[in-house]
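# A predicted structure for the sequence below; I have some questions about it.
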Amino acid sequence: MTGPAGRLQGRRLALGITGSIAAYKAVDLLRLLQAEGADVRVLMTPSATAFIGPLTLETLSRHPVDADVLALQADSRIGHISAAHDVEAIVVAPATAHWIGAMAHGLAADSISAACLATSVPVVVAPAMDGGMYSHPATQANVDRLREFGYSIVDPESGPLASGMVGQGRLATLSKIVDATVEAVLGGATRAVAEAPSAATSRPVASRSDLAGRHVVVTAGGTAEPIDPVRFVGNRSSGKMGMAIAEAALARGAAVTLILGNVSVEPPTGAHVAVAVTAAEMESALRALTPAEGPVFDVLVMAAAIADFRPRSPSTRKMSRTDGLSLDLEATPDILAEVASRVRAASIPGALRPILVGFAAEIGSLYRATAKLQAKGVDLLVANDVAEPGSGFGTDTNRVTIYAADGPPEELPLMSKRQVAELLLDRVVVRLDARVPEAVSSAEERR
């Protein structure tokens with residue numbers, strides 16, 4: 001083991017194995033990554049299958065092995081494209097001189113290089129080959145080219161080689177490869193992009209475009225329910241989580257509408273901003289986006305902390321301290337459940353239903369999250385314990401569990417809110433790509 005288990009808890013990785021004698025070590029590497037909490041799928045070059053059988057890796061990973069760049073998955077998706085978009089890092093170990101050379105020049109002759117070309121997630125490469133091959137200027141130039149792409153290179157070690165010679169070419173110690181993977185994933189590194197950021201915008205150039213052409217609506221911040229013209233009932237939400245989601249969606253190419261409640265941070269450049277400080281204003285803004293003829297967005301992420309109660313009859317004048325204060329509160333509408341209900345009611349044959357994501361702030365336990373997921377009628381519910389250090393209102397970090405309507409909960413470790421946003425959007429993109437028109441879905445249900 002390489003330190004405490006769980007550093008990759010809940011992370012989805014692809015392990016690429018190429019045709020090196022060191023391929024047998026990939027079995028142990030797979031187990032080490034799993035021991036760190038990762039869910040690992042395996043990609044192989046055809047030559048790698050001569051060194052180690054796919055059945056072994058399928059059994060250990062519990063996923064089909066993708067060894068044919070032309071093969072389709074059981075759900076008819078292209079295997080290497082699925083890997084490119086469904087994982088959070090690709091680890092190529094061992095990487096042969098042939099594979100490194102092909103990758104350096106963008107030749108997608110196998111599932112691994114095709115996935116690496118199609119992705120923008122971190123790529124970790126651990127070369128393994130004869131010492132003379134690794135020291136050759138061509139190989140060194142190709143390795144340098146991969147570094148220019150932003151790939152993490154885990155240099156091979158010196159020692160006895162399969163050829164019987166001694167030199168630098170042995171696959172790096174597996175613990176070093178695992179550590180490099182952890183660093184790449186938690187560091188949020190992505191593939192280098194060709195263009196520099198425009199001086200006209202403060203937003204970084206997108207490292208991926210999997211939300212291009214999509215309209216994403218994000219609510220952020222808390223609501224402020226007026227007691228009188230200067231006082232209100234509210235909560236401690238800063239809006240940081242919602243802002244991080246909006247920034248990540250913009251960076252992926254989405255058109256973003258940001259509905260802001262009471263926030264303490266500035267909205268990102270490029271988002272269309274609507275201000276909705278009270279629950280009633282938030283409800284009105286979302287109702288305008290879900291007309292009877294159908295919603296006007298592809299994704300709704302309700303990260304705002306909408307007050308559960310509001311004064312029944314707020315005063316129109318500033319109340320005096322000498323008057324005393326007695327509040328008569330009423331419950332605010334369950335806006336997320338109402339939006340989900342309107343979306344379902346407005347389903348139009350041939351249309352694609354939007355993906356709905358809710359947030360739930362809990363204290364002490366997340367035991368209510370599953371019931372909330374069902375009650376709200378959303379696809380995903382992101383729950384966190386706001387009493388936990390580093391996971392509450394106003395922090396730059398968060399530790400969340402993602403509940404899905406069609407799968408088990410996914411508990412994520414403490415990480416930055418931008419990292420949480422990226423992982424959440426990864427899951428949203430998968431669901432967007434898997435949608436089928438309402439007419440097709442209804443026909444299947446009648447069978």
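Yep, it's here.
# Spit out the contact partners of Ser152.
122-125, 180, 183-184, 189 (CB atoms under 8 Å, 6 or more residues apart in numbering). Yep, even glycine has a C-beta here, placed from its N, CA and C like the rest.
# Mind checking which of the residues you listed are buried?
Buried members of the contacts of Ser152, scored by 16 or more other CB atoms under 10 Å, are 122-125, 180, 184, 189.
# which of the contacts of Ser152 sit farthest apart?
Farthest pair in these (CB to CB) is Val125 and Glu183. Separation: 13.7 Å.
# Helices of the stretch 101-250 of the chain, start to end?
Secondary structure of the stretch 101-250 of the chain (DSSP state H, counting those that start in this stretch): helices at 111-118, 131-135, 137-148, 174-187, 240-251.
# Show me what the second one packs onto, helices and strands only.
This means helix 131-135. The contact analysis (3 or more CB pairs under 8 Å, 6 or more residues apart in numbering; DSSP states H and E) places helix 131-135 against strand 166-170.
# Relative to the whole chain's centre, how far out is the strand it packs on?
Here the centre of strand 166-170 is set off from its chain's centre by 38 Å, with CA atoms, centre = their mean, to the nearest Å.
# Identify the neighbouring strands of that strand in the sheet and state each direction.
Under the criterion DSSP bridges, strand 166-170 sits next to strand 157-160 (antiparallel) in its sheet.
# Using PDB, list the CA coordinates for the partner strand.
Coordinates of the C-alpha atoms in strand 157-160 are reproduced here as PDB (Å, rounded to 0.1, in the frame of the first residue of the first chain):
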ATOM      1  CA  GLU A 157      13.800   3.100 -13.000                       C
ATOM      2  CA  SER A 158      17.300   1.600 -13.600                       C
ATOM      3  CA  GLY A 159      18.100  -2.100 -13.000                       C
ATOM      4  CA  PRO A 160      18.000  -5.500 -14.700                       C
END
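# who's in contact with it?
Against strand 157-160 from outside (CB under 8 Å, 6+ apart): 131, 166-173.
# what's the model's confidence in it, averaged?
The pLDDT scores in strand 157-160 average 82.
# Over to stretch 353-364?
On average, stretch 353-364 scores 87.
# in it, what's buried?
353-362.
# Please apply the same query to stretch 41-56.
Buried, per 16+ other CB under 10 Å, within stretch 41-56: 41-45, 47-49, 51-52, 54.
# so of these, which ones are in helices?
Pro54 (DSSP state H).
# now the buried residues of stretch 41-56 in TSV, with distance to Ser320 and pLDDT?
Shown next, in TSV, are the buried residues of stretch 41-56 (distance: CB to CB, whole Å; pLDDT from 0 to 100):
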residue	distance to Ser320	pLDDT
Arg41	66	90
Val42	71	92
Leu43	71	93
Met44	76	93
Thr45	78	93
Ser47	83	92
Ala48	79	93
Thr49	82	92
Phe51	83	92
Ile52	80	90
Pro54	78	90
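# Export the buried residues of stretch 41-56 to TSV and append columns for distance to Leu286.
Output for the buried residues of stretch 41-56, formatted as TSV (distance: CB to CB, whole Å):
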residue	distance to Leu286
Arg41	37
Val42	43
Leu43	42
Met44	47
Thr45	49
Ser47	54
Ala48	51
Thr49	52
Phe51	56
Ile52	53
Pro54	48
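# Which members of the buried residues of stretch 41-56 are positioned in strands?
Mapping these onto strands (DSSP state E) picks out 41-44.
# Show me where the stretch 201-350 of the chain dips below the pLDDT cut-off.
Along the stretch 201-350 of the chain, segments meeting pLDDT under 70 span 201-208, 234, 236, 347-350.
# just checking, His63 touches Gln34?
No - under the criterion of CB atoms under 8 Å, His63 is not in contact with Gln34, lying 11.4 Å apart.
# So between those two, which is more surrounded?
Neighbour count, other CB atoms under 10 Å: between His63 and Gln34, Gln34 has more, with 17 against 14.
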